[in-house]
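S.K.: Provided below are the primary sequence and the corresponding predicted coordinates.
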Amino acid sequence: MNNIELDNYLKFFYLIDTEKLTQNILNKLSPEFCSEDLFSCIFSKIEEACYPYLEFVYSPASFNHTDQDSTSPSRISLLRLVLKNHCIIHGFINSLKKSGTADVSKITISGANDIKLKTGYFKTEGFSKPPSLLPDGTEQKITIAQNYNENKKRFITDNSRYSYQILQNYSCESNKNGFLIIPSYHGNWGCFIYNEPLVKTVNDNIYALKGPLSIKNKTLIKNYNNLLTACTSWCNNNHLISTDKLLFEHAMESIYGFSFFGYASKLLKNMYAATFDNTKLTIKDLEGSLMLSHIQQTAQLPITYNRSVFLEHCLYSVINSKYLKSQEHQKKNNSLFSHISRKPVPKELLIVSGFDHMEKYLQKLKYVAIPLLENLWDVIINKLNDPNKQNAEHSISIKTYCDYIEKNYSVISQDYSHFFESEKILYDFYEDSLYTNPSETSYALYRDYNYTNNLKSEFEQDSFTHLLLDYFKPERLSIPQPSLYELLIAYSGTNHKPADLSAHTEELNFHKYHRENILSFAENINPFIR
């Protein structure tokens, strides 16, 4: 959708007055704001405007009830930070797509451009200047790799396989010699996929259907682990600055999910090693195929960094639940008071109900919360950058995004899932907000992931392999994600509507129960619809 269509979509489907929202933001902005203040102000106002659709993200009512039904401020603060930084990255990538002139917007992946590609887009200022000096002060020399024809041959032979198909999806065209031409801001990671032999090895592992499953598991996991090592070495050896490193990691995390599956490998290990407790729920009670389904469902979220935080929030909420949501009911329709049963229920019922609420929570994140925040961010930034509104002091340029990323890279990129290990860690995070001195608490994105070490048992390896193979499908990134409205129209226009959706699709209107209908519809979409 273009900006006008997107604006109308927000106004008439979500009933959000974007003009009023823009003015509210302008009233709060100050010329003295740094990039952190600017983005925090914009996000807080966007969040406030669409809060009816976001309340479920933080609300304990999204899950079963406990003796203490309030989600801790520290956890809410963490979830908000992840969503805010996702919006900023989303806006940053979009701004790159809209920038550039004809002579610098595209680059060919070939040996002649190898040094430029490896050095990074921002370090060479969009390739308008020669690459900067090496750390030892010497000039970089452009050399044509002797094996580039071999790289091209390998790519052409296997271009229908996962990683190469993804690269082709991002390419603009091919030149007369058969080399891919891609947007220059994709150059670094495109060069890595084109040149790195381990990419082909992992591609081959994905499609290797012969041989015992146990051998296939170990081979794929080992080479997946080696590919992660190659990625981290690429960033270090090419001395990527923060903005270029984020562009590289953003692509690698979207394509391979290294950080998320590092979290998943630890989760599987913890589940396998945990013990049952006869009196309360533990992580062991959630072990099995349903849990694997929810891990994969989380992997499908349209977010790059810290998808794991939302699954961890779900697990924490379910494990600490004691009473089913269905136990709450009003004594009378017009009563101001509610009667809540406090009779503990069997673990089996809590598990079944907990899984159901987890699925609905993740569905609403995927189809409502995250796309709505992205769309609002795009529309508001476009309005703030409108030259006709004379908001020059509040315009958001690529430089604004770069300034934020350079100062907050460690805040954006670190893995927060371990923050759920104890309330003290979460509380410390809430107190520090990771802004006063982030270096003390930040970790590298891939700080200690080693899949071969984490996955010891055959059960863990088998489960992990299935997660990877389900994730490594070219259509996952090549087919555009339909909007909730498009899915609603599709369901309404067929004769095969699920029974539990009929009432919502037929009765949906923009005046009564609109928010409830939107969220309810999102809950009931097939979790793995493409």
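M.R.: Yep, it's here.
S.K.: quick one, what contacts residue 54?
M.R.: 47, 369, 372-373 (C-beta atoms under 8 Å, 6 or more residues apart in numbering). All C-beta spots, glycine's among them, are computed from the backbone N, C-alpha and C.
S.K.: now, which of those sits nearest residue 24?
M.R.: residue 47 (12.0 Å; C-beta to C-beta).
S.K.: Helix or strand for the closest one, just tell me which one.
M.R.: helix 35-49 (DSSP states H and E).
S.K.: elements contacting that helix?
M.R.: Other helices and strands packing on helix 35-49, by 3 or more C-beta pairs under 8 Å, 6 or more residues apart in numbering; DSSP states H and E, are helix 18-28, helix 73-97, helix 370-384, helix 398-413.
S.K.: Next, the angle helix 35-49 makes with the helix or strand following it.
M.R.: Next helix or strand after helix 35-49 toward the C-terminus (DSSP H and E): helix 51-58. Orientation check (axes from the mean of the first three to the mean of the last three C-alpha atoms, to 10 degrees): helix 51-58 against helix 35-49 gives 100 degrees.
S.K.: OK, contacts around the residue nearest to the spatial centre of the chain?
M.R.: Of all residues in the chain, the one closest to the mean position by C-alpha atoms, centre = their mean is residue 303, 1.6 Å from it. When contacts are counted by C-beta under 8 Å, 6+ apart, residue 303 touches 82, 86, 370.
S.K.: any idea how far residue 117 lies from residue 179?
M.R.: 12 Å (C-beta to C-beta, to the nearest Å).
S.K.: so residue 113 touches residue 124, yeah?
M.R.: No: Residue 113 is beyond contact range of residue 124, at 10.7 Å (criterion: C-beta atoms under 8 Å).
S.K.: In terms of neighbours, single out the busier of these two.
M.R.: Shown here are residue 113 and residue 124; by other C-beta atoms under 10 Å, residue 124 has more neighbours (21 against 18).
S.K.: Any stretches of the stretch 101-250 of the chain with poor pLDDT?
M.R.: Regions of the stretch 101-250 of the chain meeting the criterion pLDDT under 70 cover residues 101-104, 125-147, 176, 209-215.
S.K.: where do the helices sit along it?
M.R.: Along the stretch 101-250 of the chain, counting by DSSP state H, counting those that start in this stretch, helices occupy 114-119, 148-157, 162-170, 187-195, 197-207, 213-237, 242-256.
S.K.: can you put those in TSV and add mean neighbour count and distance to residue 27?
M.R.: Converted to TSV, the helices of the stretch 101-250 of the chain look like this (neighbours: other C-beta atoms under 10 Å; distance: least, C-beta to C-beta, whole Å):
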stretch	mean neighbour count	distance to residue 27
helix 114-119	21	43
helix 148-157	16	53
helix 162-170	20	39
helix 187-195	24	40
helix 197-207	18	50
helix 213-237	17	41
helix 242-256	22	31
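S.K.: Ok, which of the ones you listed comes nearest residue 455?
M.R.: helix 213-237 (6.3 Å).
S.K.: got the angle between the closest one and helix 187-195?
M.R.: Using the same axes, to 10 degrees: helix 213-237 against helix 187-195 is 140 degrees.
S.K.: and helix 213-237, what other elements does it pack with?
M.R.: helix 187-195, helix 197-207, helix 242-256, helix 258-273, helix 451-454, helix 458-471.
S.K.: Now render the ones you listed as CSV, adding distance to residue 294.
M.R.: As requested, the helices and strands packed on helix 213-237 are arranged in CSV below (distance: least, C-beta to C-beta, whole Å):
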stretch, distance to residue 294
helix 187-195, 29
helix 197-207, 23
helix 242-256, 19
helix 258-273, 10
helix 451-454, 19
helix 458-471, 11
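S.K.: Which among those is found nearest to residue 481?
M.R.: Here helix 242-256 is closest among the helices and strands packed on helix 213-237 (C-beta to C-beta), at 12.6 Å.
S.K.: now that closest one, how far from the centre of its chain.
M.R.: 12 Å (C-alpha atoms, centre = their mean, to the nearest Å).
S.K.: That one vs helix 458-471, what angle?
M.R.: Going by the same axes, to 10 degrees, helix 242-256 makes 100 degrees with helix 458-471.
S.K.: Mark out where each domain of this structure begins and ends.
M.R.: 3-98+257-449, 106-251, 482-530 (automatic domain parsing).
S.K.: could I get the ones you listed as CSV with distance to residue 456?
M.R.: Converted to CSV, the domains of the chain look like this (distance: least, C-beta to C-beta, whole Å):
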stretch, distance to residue 456
domain 3-98+257-449, 7
domain 106-251, 11
domain 482-530, 29
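S.K.: And those: which comes nearest residue 469?
M.R.: For these, the distance to residue 469 is smallest for domain 106-251, at 6.5 Å, taking C-beta to C-beta.
S.K.: what about the helix holding residue 47, distance to the chain center?
M.R.: For helix 35-49, the distance to the chain centre is 19 Å (C-alpha atoms, centre = their mean).
S.K.: Could you check the angle it makes with helix 398-413?
M.R.: Going by the same axes, to 10 degrees, helix 35-49 makes 80 degrees with helix 398-413.
S.K.: which parts of helix 35-49 are buried?
M.R.: 35, 38-43, 45-47, 49 (16 or more other C-beta atoms under 10 Å).
S.K.: With respect to pLDDT, which of those residues ranks lowest?
M.R.: Ranked by pLDDT, these bottom out at residue 35, which has 91.
S.K.: thinking again about what came up before, helix, strand, or coil at the residue nearest to the centre of the chain?
M.R.: Put simply, residue 303 is coil when judged by DSSP: H, G, I helix; E, B strand; the rest coil.
S.K.: With mean pLDDT as added columns, please give the helices and strands packed on helix 35-49 in TSV.
M.R.: Listed next are those as TSV, based on pLDDT from 0 to 100:
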stretch	mean pLDDT
helix 18-28	93
helix 73-97	93
helix 370-384	95
helix 398-413	92
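S.K.: Mind putting these into CSV with distance to residue 275 and mean neighbour count?
M.R.: Output for the helices and strands packed on helix 35-49, formatted as CSV (distance: least, C-beta to C-beta, whole Å; neighbours: other C-beta atoms under 10 Å):
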stretch, distance to residue 275, mean neighbour count
helix 18-28, 51, 15
helix 73-97, 26, 19
helix 370-384, 36, 21
helix 398-413, 34, 19
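S.K.: mind putting these in CSV, distance to residue 108 included?
M.R.: Below are the helices and strands packed on helix 35-49 laid out as CSV (distance: least, C-beta to C-beta, whole Å):
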stretch, distance to residue 108
helix 18-28, 40
helix 73-97, 18
helix 370-384, 30
helix 398-413, 23
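S.K.: which residues touch residue 470?
M.R.: Residue 470 neighbours (C-beta under 8 Å, 6+ apart): residue 296.
S.K.: In PDB, list the C-alpha atoms belonging to the helix holding residue 47.
M.R.: Output in PDB follows, covering the C-alpha atoms of helix 35-49 (Å, rounded to 0.1, in the frame of the first residue of the first chain):
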ATOM      1  CA  SER A  35      17.200  10.900  18.500                       C
ATOM      2  CA  GLU A  36      16.500   8.900  21.700                       C
ATOM      3  CA  ASP A  37      14.000  11.500  23.000                       C
ATOM      4  CA  LEU A  38      12.500  11.900  19.500                       C
ATOM      5  CA  PHE A  39      11.800   8.200  18.900                       C
ATOM      6  CA  SER A  40      10.600   7.600  22.500                       C
ATOM      7  CA  CYS A  41       8.100  10.500  22.100                       C
ATOM      8  CA  ILE A  42       6.800   9.200  18.800                       C
ATOM      9  CA  PHE A  43       6.500   5.600  19.900                       C
ATOM     10  CA  SER A  44       4.700   6.500  23.200                       C
ATOM     11  CA  LYS A  45       2.100   8.600  21.300                       C
ATOM     12  CA  ILE A  46       1.600   5.900  18.700                       C
ATOM     13  CA  GLU A  47       1.300   3.300  21.400                       C
ATOM     14  CA  GLU A  48      -1.300   5.500  23.200                       C
ATOM     15  CA  ALA A  49      -3.300   5.900  20.000                       C
END
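S.K.: Since that was my last question, I'll sign off now.
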